[in-house]
Structures are given as C-alpha cells and as structure tokens.
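Asks: Next input, structure requested:
(one chain, ligands or ions: 1)
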Amino acid sequence: MNAFNKTFQLGVRGTNVQTEITAGLTTFLTMVYIVVVNPAILSSAGIPFQQVFTATVIAAVVGTLYMAFFANHPIAVAPGMGMNSYFASVVATQGLSYQIVLGTVFIAGLIFLVLSFTRFREVLIEAIPATLKHGITAGIGLFIAFNGLRMSGIIAPSEATLVKLGDLSQPVAMLTIGGLLLILALMVRRVPGALFIGMVVIAVAGLLMGQLDFKGGFASVPSAPVFFDMDLGGVFTNGLYAVVFSFLLVAIFDTTGTMIGVAEQAGLMKDGKLPQAKHALMADALATTVGAAAGTSPSAAYIESSAGVAAGGRTGLTALTVGVLMAATLFFSPAVEAISSLAAITAPALIIVGCFMLAGLARIEWGRMDEAFPAFIVLLMMPLTSSIATGIAVGFITYPLLKLVAGRAREVHPLLYVFGAIFLVQMIFFPAG
Ligand SMILES: Nc1nc2[nH]cnc2c(=O)[nH]1
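Replies: Numbering: from 1, shown residues only. Below you'll find the predicted structure:
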C-alpha cells in the first residue's frame, strides 16, 4: 500500500487505494464494450476477428499502463470508436486491403510519437481554432451514431431519399431500441457501468430470442498476437497521405481535448495546463503505433474516464486498475466473439458514445457565421460522406476563407492557410479521400 502511495502520490492528491481501485473498476465497466465492438467493426473490414481482439487489448493495456506509470493520470486509453468506423469506411470505399490501411495507422502513430517530443504539438494544438476542434469531435460522434443506427436496421437505405426509417419490427432493431432505452434509464439514474450492464441484459434477451449462442464457449487460453500484418509500401503507392493526416489530426485533437476535459474534472490542471502533457500524449501515440502493428485502428484517451473521475479517481492507480482488468479480458475471447456477432449489443454503445462526443458544441459561437458555419459543415459532412477526412477538409477550407472575407484574416494562424490550400487541392484532385 505504501508503495502505491509513493508511486502514485495518493496522499498529495487526497485519495486512497480503495477509492482508486473502485474508480478504475467504474471506468473499466463503462469502456470494456470496446473489446466487443472494435473487433465487430474491424473484422467487417477484413482483419481476422481474433487478431483485432488481441490487438485491441494490447493497445488498451500498453496505452493505459503508460498513462498510469509515466503521466500518473486517471485516464484510460483504447482504440477509438470514431476511428475504427473511419478505418472500415476507408477499406470499403477505396477498395484497399486492411493491411494497407493498417500501414497508414502505423505511420500516423510514428509521426504522433515524434511530435510528442517536439514543440510542434503545442503549435498545432494552438493553431487549430476551438470551433473546428469541437466540430470535428462532434462530427465523429454523429458519424458513429449513424453507423449504430444503420447496423441495427433502425435506419435503412431508400432510393428516393437515400436513407429512411427501417423496419422496427425486426428482432435486431427491437432489441437495439429496448437496450438503448434501458442503458439511458440506467445512465440518468447514474448507475455505474450502465453501458456494460445494458449490454449484458441485451445479450441475455438475445439468447432467449435465439439471436445469440455461445457454442464456442466462454473462456479460452489467449491466442498469440500477430505483429506487422501490414503493407507500408501500399500507403505510398496509393498516395494515402490524406488518410494518414486524418488519423493523425483526429488522434491529436481527440486525445488532447479529452485529456484536458477529464483533467479539469479531476482538478489536475495547473495554471490552465495539463501536467505531464508530453507523457499523456505519448501514451496515446504509443498505443496507436503498437496497436497498428498488432492489427487495430488508432487509440484515443477515453471520454469514459470521466466516469472513474466522478467515482473519485485522481491518479495513475485508477488507470493501472483499468489496465489490469483489460488484460484479463484476453481470457474471454470466445464469449466476446459470440457477443460481437449481434449488432443489437454493439449498436447502443455506438449511439450513446456518439451523444457524449457532441458535448463541445455548446462552446461554439453560433451567433457568428464565420465561427459557426465551419463547425456546422464538418458536423454535417462526416456522417453524410462516411468520411472523417472529408469532414476535416471542408472545415479547414471554409474557416480561413470566411475569416478572410470577414476581414479577420489576422485572427487565423498562418498554418491554417497552408492546411486550407492543401485540403482544397486534395478535394479538387483526389475527392475520394
Ligand atoms: N475521446 C474518445 N473517447 C472515446 N470513447 C470511445 N471511443 C472514443 C473516441 O474515439 N474518443
């Protein structure tokens, strides 16, 4: 206990071992769905299920343990829900192999690692206006929620209007709606682990309705990870720079924004700055790089960490608890595989996390068109084009343009004009990005 106190400075932060472990358990319960949902989404993009499952756990454990021991923050890291959907849509729409797209993630991870060491990370974070940061996070939220609605059949294709309300009498749609209502009820009553409990209840209902079976059993010996199943050359021969750039930007903004939000909630910010920012970013960069090498999409600091902070978590011991529990899931891959085959279990998680990601919209100056419109167009384009990259591009083009016309050119960091020009060229000449 004394060793914990010393390593994590429990006394200085006014916490104790029991509170930290309870907080870690709380965060774990709110985010463990990712070991089910991530393989479900990425196996649809061709990565073998078992490979993504093991990679998801490896990325989460590496990132979260690094956060625990080097940054001492109560923040968990794992593959992000926005980027797994984006990964799948890049594979589907551009006809690329998953090995090539894993290559783009690996390169983005390496660049992120290098940037974590330099001052460029601050420059980039300061140059990008808040309105675009909030717009990007919220746009990803709408994009993943739309995927949840589509997967569950609540939204269906339409010739006349592209999309329409699906057939809600189908078992998967009914189960999804029931599960969603249950999770929301638990959340508004502030029950810890609402998402996890809801998913277990949907699984039991799915079992009774004959939609789910556990023929493969529940537990097994963990399978060995597969490393470097990727095609780095294909990234360059296909000129996938916009995809690398999108993964990199989203990883940096999402993680920075989330870490600042959670650290503020925990009272850990010092003079408006995040202590150990370098190590905190490194945790995510490392998880993204190692995760890509093992077979998953980029990682992010998890917004669900705020649940553990609400339960009293203040130090890396909370993160250590999450990391240990995540590692334990490696023994339950047969159960995870069965559960992830039923969209009704994974879709509510996508819809609810999507809602969490819209919180930043409250901070946009909606009364000023030069601030509001760039965020609005990002928000609209991400779900409609199923492309985070296109959403980012339109935001980066419209923001400096509107500021120029408004006579506020000086409010814009010079780097943004460079980005705007690059994205404009990309949209005109390589519009599928
Ligand atoms: N910040 C953040 N939290 C998440 N929780 C689940 N997915 C994500 C994500 O992509 N970003």
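
Asks: Could you check how far the residue nearest to residue 80 when sequence neighbours are not counted is from residue 174?
Replies: Leaving aside its sequence neighbours, residue 80 sits nearest to residue 300 (Cβ to Cβ, 6 or more residues apart in numbering; 3.6 Å). Just so you know, the C-beta spots here come from the backbone N, C-alpha and C atoms, and that holds for glycine as well. Residue 300 sits 32 Å away from residue 174, going by Cβ to Cβ, to the nearest Å.

Asks: Return the residues in contact with residue 98.
Replies: Shown in contact with residue 98 (Cβ atoms under 8 Å, 6 or more residues apart in numbering): 42, 45, 46, 47, 91.

Asks: Do you know the pLDDT at the residue lying closest to the third one once chain neighbours are set aside?
Replies: To tie it back to what came earlier, the one meant is residue 46. Take residue 46 and drop its neighbours on the chain: the residue closest to it by Cβ to Cβ, 6+ apart is residue 98, 4.3 Å away. Note on residue 98: pLDDT of 98.

Asks: can you tell me the residue of the chain closest to the ligand?
Replies: residue 80 (2.6 Å; Cβ to the nearest ligand atom).

Asks: Check that residue and give its pLDDT.
Replies: pLDDT, read off for residue 80, is 93.

Asks: And the residue nearest the centre of this structure?
Replies: Nearest to the geometric centre of the chain sits residue 80, at 2.1 Å (Cα atoms, centre = their mean).

Asks: what sits up against the helix or strand bottoming out on mean pLDDT in the chain?
Replies: Using mean pLDDT, DSSP states H and E, helix 120-127 stands out as the lowest-scoring helix or strand of the chain, at a mean of 76. Residues outside helix 120-127 that contact it (Cβ under 8 Å, 6+ apart): 115, 252, 253, 256, 281, 413, 415, 416.

Asks: OK, contacts around the nearest residue in space to residue 129 that is not next to it in sequence?
Replies: Ranked by Cβ to Cβ, 6+ apart and with sequence neighbours excluded, the top spatial neighbour of residue 129 is residue 399, at 6.3 Å. Neighbouring residues of residue 399 by Cβ under 8 Å, 6+ apart: 129, 131, 132, 370, 374, 412, 416, 420.

Asks: Quick one: the strands in the stretch 51-200 of the chain, in order.
Replies: 77-79, 155-158, 162-165 (DSSP state E, counting those that start in this stretch).

Asks: quick one: buried residues of the shortest one?
Replies: To tie it back to what came earlier, the one meant is strand 77-79. 77, 78, 79 (16 or more other Cβ atoms under 10 Å).

Asks: just stretch 121-137 next, same as before
Replies: 121, 124, 125, 128, 129, 131, 132, 133, 134, 135, 136, 137.

Asks: For it, what is the spacing between the initial and final residues?
Replies: Start to finish, the residues bounding stretch 121-137 are 18 Å apart (Cα to Cα, to the nearest Å).

Asks: More neighbours: which of residue 300 and residue 174?
Replies: Set side by side, residue 300 and residue 174 show more neighbours around residue 300, with 28 against 18, by other Cβ atoms under 10 Å.

Asks: Bridge partners for the more buried one, pull those for me.
Replies: Beta-bridge pairing of residue 300, defined through DSSP bridges, involves residue 78.

Asks: How about residue 157?
Replies: Taking DSSP bridges as the rule, residue 157 bridges to residue 163.

Asks: Double-check it against residue 163; I have them as touching.
Replies: Yes - with contacts defined as Cβ atoms under 8 Å, residue 157 counts as touching residue 163 at a distance of 6.5 Å.

Asks: So which of the two has more stuff around it?
Replies: Neighbours per residue (other Cβ under 10 Å) separate residue 157 from residue 163, with residue 163 holding more: 14 against 10.

Asks: Contact partners for that one?
Replies: Counted by Cβ under 8 Å, 6+ apart, residue 163 has contacts 155, 156, 157.

Asks: Quick one: closest of the strands of the stretch 51-200 of the chain to residue 232.
Replies: Proximity to residue 232 (Cβ to Cβ) singles out strand 77-79 among the strands of the stretch 51-200 of the chain, at 19.8 Å.

Asks: Touching the closest one from outside, list them.
Replies: With Cβ under 8 Å, 6+ apart, strand 77-79 has contacts from 31, 34, 38, 55-56, 59-60, 63-64, 66-67, 283-284, 287, 291, 296-302, 326.
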